[in-house]
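K.L.:
model the following, please.
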Amino acid sequence: MSVFSANSSEIHDVLLVTGMSGAGKSQVMIALEDNGYFCVDNLPPSLLLQFIQDIRARQREPEKMAIAVDVRGGEKLENLTTALNSLKKENLNYRVVFLDASNSALIGRYKATRRCHPLASEGLSLLGGIIAERERLEEIHGLADIIIDTTDLKPRHLAEHIGDLFAAVGQLMPLISICSFGYKYGLPLDADLAVDVRFLPNPYYIAELKPLTGQQHAVRSFVLKQAATQEFMRRYLQLLRFLLPQYSKEGKHHLLLAIGCTGGRHRSVAIAEAFTKRLRMLGYQVILAHRDIEKGN
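P.N.:
From the prediction side, this is the model:
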């Protein structure tokens, strides 16, 4: 979405960055700043509308702005919902970017940095603070335009993902992220659509294919030549061609399609690669990632 007005120098991209503490908001804000965004960290929700209005009153405004809002602001997060409603009443459009990660990943990050969770001041343990924060953010999570699961993303990879994600602001067609994954490692937290391809023959049980991945010709050929694969690809692509314009009409300009098999190395990788190629041929911008391809055989 964009903030539109008659003055072409006004802000045309506003991102509100929120989510779980420890999920990577600081790294995201740095990456956005590197990509030309005017960034403001830790703004209390009650000041959100006034701040944007003050920025718009300047003679020269930043074209792109990102504002981080979370529990560190010292206010109830319910105030953020009220602030978002105020923005809508003022016809100030925006996108909410929600950073998430698994509880175990968040605990590991806090222990590694030896930092206290923001809700520790309420007498909560680390896990208790994470659970309480997740509950308080539930409504905002449901309102998010873009959800990014950073569980398996290192800071450098997260920065690259942010650069790819926001490189094409203003494009008419939705941006599609395709992620292959293994069900044995869990469903991606940020998936909009998830499809299970474990119904296809598994290369894992063929000795010469087991050590390879779906990026290699032998596995890709084995998976894609199956009659069931070809019929599935045809039908699912047909469904996507119907769904994508509908999502765009509803203002959803980024879609994460997760494709899973058992281990995330063979079938899901080959299918994800094939879908990426076909969607790009249709003119869509597609970001491809293989979450579990480097994990055990």
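
K.L.:
residue 270: what secondary structure?
P.N.:
helix (DSSP: H, G, I helix; E, B strand; the rest coil).

K.L.:
can you pull out the strands in the stretch 1-150 of the chain?
P.N.:
13-19, 38-40, 64-68, 95-100, 146-149 (DSSP state E, counting those that start in this stretch).

K.L.:
can I get the ones you listed in CSV with distance to residue 233?
P.N.:
Yep, even glycine has a C-beta here, placed from its N, CA and C like the rest. CSV is the format used below for these (distance: least, CB to CB, whole Å):
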stretch, distance to residue 233
strand 13-19, 34
strand 38-40, 41
strand 64-68, 37
strand 95-100, 30
strand 146-149, 26
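
K.L.:
would you turn these into CSV with mean neighbour count, mean pLDDT and distance to residue 30?
P.N.:
Listed next are the strands of the stretch 1-150 of the chain as CSV, based on neighbours: other CB atoms under 10 Å; pLDDT from 0 to 100; distance: least, CB to CB, whole Å:
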stretch, mean neighbour count, mean pLDDT, distance to residue 30
strand 13-19, 24, 87, 11
strand 38-40, 18, 88, 8
strand 64-68, 23, 87, 10
strand 95-100, 23, 90, 13
strand 146-149, 23, 88, 14
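
K.L.:
can you give me the buried ones in the longest helix anywhere in the chain?
P.N.:
Taking DSSP state H as the criterion, the chain has its longest helix at helix 227-249. Going by neighbour count (16 or more other CB atoms under 10 Å), the buried part of helix 227-249 is 229, 232, 236, 240, 244, 247.

K.L.:
C-terminal to it, what's the next element?
P.N.:
Heading C-terminal from helix 227-249, the first helix or strand you meet, by DSSP states H and E, is strand 254-261.

K.L.:
so how far is that following strand from its chain's centroid?
P.N.:
The chain centroid and the centroid of strand 254-261 are separated by 11 Å under CA atoms, centre = their mean, to the nearest Å.

K.L.:
got it, and stretch 63-70?
P.N.:
16 Å.

K.L.:
any low-confidence regions in the stretch 51-200 of the chain?
P.N.:
59-61, 71-78, 167-173 (pLDDT under 70).

K.L.:
what are the ranges of the helices in it?
P.N.:
Assigned by DSSP state H, counting those that start in this stretch, the helices in the stretch 51-200 of the chain fall at 78-89, 103-113, 126-136, 138-143, 155-165.

K.L.:
run through who's touching the last one.
P.N.:
The reference is to helix 155-165. Helix 155-165 is contacted from outside by 24, 27-28, 30-32, 34-35, 146, 148, 150, 153, 175, 177, 254, 287, 289, using CB atoms under 8 Å, 6 or more residues apart in numbering.

K.L.:
which entries within those residues meet the buried criterion?
P.N.:
24, 27-28, 30-32, 35, 146, 148, 150, 153, 175, 177, 254, 287, 289.

K.L.:
since we're on residue 206, how many residues are nearby?
P.N.:
Residue 206 has 14 neighbours, counted by other CB atoms under 10 Å.

K.L.:
residue nearest the centroid of the protein?
P.N.:
residue 148 (2.7 Å; CA atoms, centre = their mean).

K.L.:
residues touching that one, list them.
P.N.:
19, 24, 28, 97-100, 158, 161, 165, 190.

K.L.:
rewinding a little: can I get the helices of the stretch 51-200 of the chain in JSON lines with mean neighbour count?
P.N.:
Shown next, in JSON lines, are the helices of the stretch 51-200 of the chain (neighbours: other CB atoms under 10 Å):
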{"stretch": "helix 78-89", "mean neighbour count": "15"}
{"stretch": "helix 103-113", "mean neighbour count": "15"}
{"stretch": "helix 126-136", "mean neighbour count": "17"}
{"stretch": "helix 138-143", "mean neighbour count": "14"}
{"stretch": "helix 155-165", "mean neighbour count": "16"}
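
K.L.:
could you dump the ones you listed into TSV with distance to residue 45 added?
P.N.:
Rendered in TSV, the data for those read as follows (distance: least, CB to CB, whole Å):
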stretch	distance to residue 45
helix 78-89	4
helix 103-113	22
helix 126-136	12
helix 138-143	10
helix 155-165	23
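
K.L.:
and the ones you listed: which comes nearest residue 63?
P.N.:
The closest of the helices of the stretch 51-200 of the chain to residue 63 is helix 155-165. By CB to CB, the value is 16.8 Å.
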